[in-house]
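Trainee: build the 3D model from these lines:
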Amino acid sequence: MKASMIIASAAALFSSALAAPAIARDAPLVFTVQLANDQSGKNANADVIVNNAAVTFGQLFGGAFGPQVWATSLQAVSPGAGGNNVQCVVKDPNYPGQAIALNAWNTFIDLDGNVNVATPTDVTYFTIECQL
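Mentor: Prediction:
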């Protein structure tokens with residue numbers, strides 16, 4: 001009787017261990033950013049997948065801001081991602097040679113270029129790309 005009880009207990013233990021949900025080991029590393037429009041008060045967070053192709057702000061924030069994305073600033077929400085080694089680059093298509101860094105040390109970007117005034121700027125086609 002005791003042997004059958006031990007076997008039944010062991011079987012129950014092993015079956016419950018096998019039924020435990022698996023931990024996602026291949027989840028992509030993300031760098032979370034927040035886009036804000038200081039005049040309208042609108043803001044939203046989005047995850048940028050690290051080591052992926054550049055994405056537009058329209059793709060990231062269109063659901064929250066609408067088809068045309070107007071904003072004043074971009075801020076890193078998770079600057080410590082990847083052990084502080086994630087380097088993001090923001091580009092304005094109107095100035096293709098210019099790139100603005102966003103990372104663990106440079107965590108804020110004024111999107112209109114004037115730190116003294118919060119002027120909403122159409123950033124729909126701005127892009128961000130993050131690399132580790």
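Trainee: contacts, neighbours, all on C-alpha from now
Mentor: Noted.
Trainee: what about the residue nearest the centre of the chain, which helix or strand?
Mentor: Centroid check for the chain by CA atoms, centre = their mean gives residue 47 as the closest residue, at 2.0 Å. Secondary structure assignment for residue 47, by DSSP states H and E: strand 43-49.
Trainee: show me what the next helix-or-strand element following that strand pairs with in its sheet, parallel or antiparallel.
Mentor: Once the chain leaves strand 43-49, the next helix or strand it forms, by DSSP H and E, is strand 55-56. If you go by DSSP bridges, strand 55-56 pairs up with strand 127-131 (antiparallel).
Trainee: quick one, the strand it pairs with and strand 43-49 angle?
Mentor: Relative orientation of strand 127-131 versus strand 43-49 (axes from the mean of the first three to the mean of the last three CA atoms, to 10 degrees): 50 degrees.
Trainee: give me the contact list for strand 127-131.
Mentor: If you take CA atoms under 8 Å, 6 or more residues apart in numbering as the criterion, strand 127-131 is touched by 31, 48-57, 86-93.
Trainee: pull out the buried positions in that strand.
Mentor: Within strand 127-131, the residues scored as buried using 16 or more other CA atoms under 10 Å are 127-131.
Trainee: still on that earlier bit, please pick the buried ones from the contacts of strand 127-131.
Mentor: Using 16+ other CA under 10 Å as the burial test, the contacts of strand 127-131 include 31, 48-51, 54-57, 86-92 as buried.
Trainee: so which of those comes closest to residue 123?
Mentor: residue 57 (6.4 Å; CA to CA).
Trainee: redo the buried residues of strand 127-131 as CSV? Include distance to residue 121 and pLDDT.
Mentor: Formatted as CSV, those follow (distance: CA to CA, whole Å; pLDDT from 0 to 100):
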residue, distance to residue 121, pLDDT
127, 14, 98
128, 16, 98
129, 20, 98
130, 22, 97
131, 26, 97
